[in-house]
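In: Give me coordinates for this.
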Amino acid sequence: MRRTSVSLPTKQVHHDPHEKRARYAYEKEPGILEKIQAAYMNQTQKARWLKTTAIVVFLVFLFYYLSPKGVDIYQGVSNSGGQVPSDSSYGTDRCTKSFSKDKPIVQYVLMIDAGSTGSRIHVYKFNNCGPTPELENEDFKMTEKSVGGLSKYKDDPLAAAKTLDDLMEVAMKGVPDKLKGCSPVAVKATAGLRMIGAEASQKILDAVRTHLEKDYPFPVVSKEENGVAIMDGSDEGVYAWITTNYLLGKIGGPDQSPTAAVFDLGGGSTQIVFEPTFKEAASGGMPEKLAEGDHKYDLAFGGRKFELYQHSHLGYGLMAARNSIHLNLLHDLYEKKKSKAFLKEPILNNPCINAGQSDMVTVKLGDDSPLGTGEIEVNMTGPATPAPAQCRAMAERILYKDAECKLAPCSFNGVHQPSLAKTFAKEDVYIFSYFFDRTKPLGMPDSFTLRELHDLTAAVCGGEDSWDVFSTVPGALDELRDRGEYCLDLNFMIGLLHTGYEMPIDREVRIAKKIKGNELGWCLGASLPLLSKNSGWTCKVTQTF
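Out: Residues are numbered from 1 along each chain as shown. Purely as a prediction, here's the structure:
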């Protein structure tokens, strides 16, 4: 049997000269070897400590920059840049720390509504306890009636600017001193300033800006962002839409439910804004999307994109509509009588005045009126027999439903509008301002149909004999007796909504002056974008947190 032997390699022994020196040293000085080993161990431990520290620092770095910082509702743009403290020392009990390190815990925005009859300030306080800024408080004040609006001072711009001092005092008292330099203020004027001409209005706006910048600690929003300016009608409607849907929680948060429409009835104009849908476009012969044009408003808000329909109908606010209806009546009488002598008659019958009542009415005459120019005052009396249908016809007459419609479908006066019945059939509809002011005092609930509004109108136009239904509503009878034009106002509203906007008669609408205790209107919607960085203002002071 053959055997195979395996030879193991011979182990080679090498003598390290360092080892020899170490042994020699050890022999000469006992204990030195232990000292060398200890020094070696200290160096190793130090290296390990440095390595561990580097790893920890790296992990902290990653955690800091990659961890979630919250979701900003303003298109991902955060405010502050470290401009105010993020702890709870600035007046909120909702939380003790900002949701995001990039946002202060509290922010203030000052918005001044410079209307035709007076100015109003809204001082909004927001907290950033969650991913969406929460409106925590609102301080509101308006100028005294005797002060009037900015346009009243067309010959004295500085006096116009100083009418805002009483309003600014609300902000001076309400905003903490350390936050004043980082709380922006904006002034948005409406139709009143347009009426005095471009030159006079600009002088007033310039005086207002100078006064605010020089005499107050708040940063004024820049000219490029229209911080002190006459507001465009389209912005007014869209801002009101933002306000309403923000307060309802339909935008800027997790709720993805359909948004609400807004119908705002002012004195000189009325606005409509809604988000139409074209879900059944293919089967119904409808357009597949909203047509291009000035009516289309693309809005990015709360991480979502909205394609809105909006239009501001100038001359169709309640006061403007009143004047148009009265003027048509006077023109009709002039055409019938072929003379202006009827203006001297003590009484003029008007089916739009409450039955059995009289009212002194001031009518502004147009430049092309056969009755002349300027204003005239006439005594108008309601019919002995109620005539709400006749008044309704007079209200619908100024809508010009037969005007040329260049882009169908149209609502009134030739203005394009998607069909509410087809593109906004079931969603919430909010009507406010004068819609609220003329219906709520008469006992109307927060929600009612247009048919119920029609019935209310008939009762009001009937005069005292029809007002028993209002006897249980506190203050309603005094309200009706004090306003002879109530019949006109309600007829115009039902005509505008049903005939003008073509809203179905059984469609339910909601009236509101406030939602969750906060005023409706455009001011809050115009203030929300100012919470974001690069929105046209910078802090007057630099603070860190």
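In: Tell me which residues are up against stretch 464-471.
Out: Under the contact criterion C-beta atoms under 8 Å, 6 or more residues apart in numbering, stretch 464-471 has outside partners 355-356, 386, 442-443, 458-460, 476-477, 480. Every residue, glycine included, has its C-beta placed from N, CA and C.
In: quick check, distance from that stretch to the centre of its chain.
Out: 38 Å (C-alpha atoms, centre = their mean, to the nearest Å).
In: One more: stretch 189-200?
Out: 22 Å.
In: again with stretch 423-431
Out: With C-alpha atoms, centre = their mean as the basis, the mean position of stretch 423-431 lies at 18 Å from the chain mean.
In: do the same with stretch 139-152
Out: Using C-alpha atoms, centre = their mean, the distance from the centre of stretch 139-152 to the centre of the chain it belongs to is 21 Å.
In: same deal with stretch 231-251?
Out: Using C-alpha atoms, centre = their mean, the mean C-alpha position of stretch 231-251 is found 4 Å from that of the whole chain.
In: when you give positions from now on, start the count at 429
Out: Taking 429 as the first residue, the last one we looked at is stretch 659-679.
In: Pull out the buried positions in it.
Out: Applying a neighbour-count criterion of 16 or more other C-beta atoms under 10 Å, one finds 659, 661-676, 678-679 buried in stretch 659-679.
In: How about stretch 578-588?
Out: For stretch 578-588, burial by neighbour count (16+ other C-beta under 10 Å) applies to 578-582, 585, 588.
In: Serialize those to JSON lines and add fields for secondary structure, distance to residue 950 and pLDDT.
Out: Listed next are the buried residues of stretch 578-588 as JSON lines, based on DSSP: H, G, I helix; E, B strand; the rest coil; distance: C-beta to C-beta, whole Å; pLDDT from 0 to 100:
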{"residue": "578", "secondary structure": "helix", "distance to residue 950": "17", "pLDDT": "94"}
{"residue": "579", "secondary structure": "helix", "distance to residue 950": "18", "pLDDT": "91"}
{"residue": "580", "secondary structure": "helix", "distance to residue 950": "22", "pLDDT": "91"}
{"residue": "581", "secondary structure": "helix", "distance to residue 950": "23", "pLDDT": "94"}
{"residue": "582", "secondary structure": "coil", "distance to residue 950": "24", "pLDDT": "91"}
{"residue": "585", "secondary structure": "helix", "distance to residue 950": "25", "pLDDT": "96"}
{"residue": "588", "secondary structure": "helix", "distance to residue 950": "21", "pLDDT": "96"}
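In: Let me know how buried the closest residue to residue 680 other than its chain neighbours is, in neighbour terms.
Out: With C-beta to C-beta, 6 or more residues apart in numbering as the measure, residue 730 is the residue that lies nearest to residue 680, at 3.8 Å, once sequence neighbours are left out. A total of 24 residues lie near residue 730 under the criterion other C-beta atoms under 10 Å.
In: again, but for the one 5 residues further on
Out: As a burial measure, the neighbour count of residue 735 was computed by other C-beta under 10 Å and equals 13.
In: Quick check, it in contact with residue 701.
Out: No - using C-beta atoms under 8 Å, residue 735 makes no contact with residue 701, being 11.7 Å away.
In: Overlap in contacts, those two.
Out: When C-beta under 8 Å, 6+ apart defines a contact, the residues bordering residue 735 and residue 701 alike are residue 725.
In: where does the stretch 679-828 of the chain dip in pLDDT?
Out: Scanning the stretch 679-828 of the chain for pLDDT under 70 picks out 708-714.
In: those strands in it, which residues are they?
Out: In the stretch 679-828 of the chain, the strands defined using DSSP state E, counting those that start in this stretch lie at 689-693, 697-702, 724-729, 732-742, 776-777, 786-793, 802-809.
In: Just the ones of the buried residues of stretch 659-679 in helices?
Out: 661-675 (DSSP state H).
In: which of these lies closest to residue 772?
Out: Taking C-beta to C-beta as the measure, residue 772 sits nearest to residue 661 out of these, at 39.1 Å.
In: what's the nearest residue to the closest one if we skip its chain neighbours?
Out: The spatial neighbour of residue 661 that comes closest, neighbours along the chain excluded (C-beta to C-beta, 6+ apart), is residue 740 at 2.9 Å.
In: quick one, what contacts that neighbour?
Out: By C-beta under 8 Å, 6+ apart, the contact set of residue 740 is 661-662, 664-665, 697-699.
In: and if you look at residue 855?
Out: Applying C-beta under 8 Å, 6+ apart, the residues near residue 855 are 686-689, 702.
In: Could you do residue 675 as well?
Out: Remark: with contacts taken as C-beta under 8 Å, 6+ apart, residue 675 is in contact with 563, 943-944, 946, 948, 952.
In: Taking the residues you listed, please make a ChimeraX selection of just the buried ones.
Out: Listed next is the ChimeraX selection for buried residues among those, using 16+ other C-beta under 10 Å:
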select :563,943,946,948,952
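In: for the contacts of residue 675, which one is nearest residue 539?
Out: Within the contacts of residue 675, distances to residue 539 taken as C-beta to C-beta reach their minimum at residue 952, with 7.7 Å.
In: Quick check: that closest one touching residue 946?
Out: Yes - look at residue 952 against residue 946 with C-beta under 8 Å: they come within range, at 6.6 Å.
In: Look up how far residue 653 lies from the residue nearest to residue 661.
Out: 20 Å (C-beta to C-beta, to the nearest Å).
In: same check, this time on residue 548
Out: If you measure residue 548 against residue 653 using C-beta to C-beta, the figure is 21 Å.
In: give me the low-pLDDT residue ranges for the protein?
Out: Low-confidence segments of the chain, defined by pLDDT under 70, are located at 429-518, 619, 708-714, 970-973.
In: Mark out where each domain of this protein begins and ends.
Out: What the record gives for the chain is the domain set 516-659+953-959, 686-745+825-945, from automatic domain parsing.
In: Checking the residue nearest to residue 887 when sequence neighbours are not counted next. Helix, strand or coil?
Out: Using C-beta to C-beta, 6+ apart and skipping residues adjacent in sequence, the residue nearest residue 887 is residue 894, 4.9 Å away. Three-state assignment for residue 894 (DSSP: H, G, I helix; E, B strand; the rest coil): helix.
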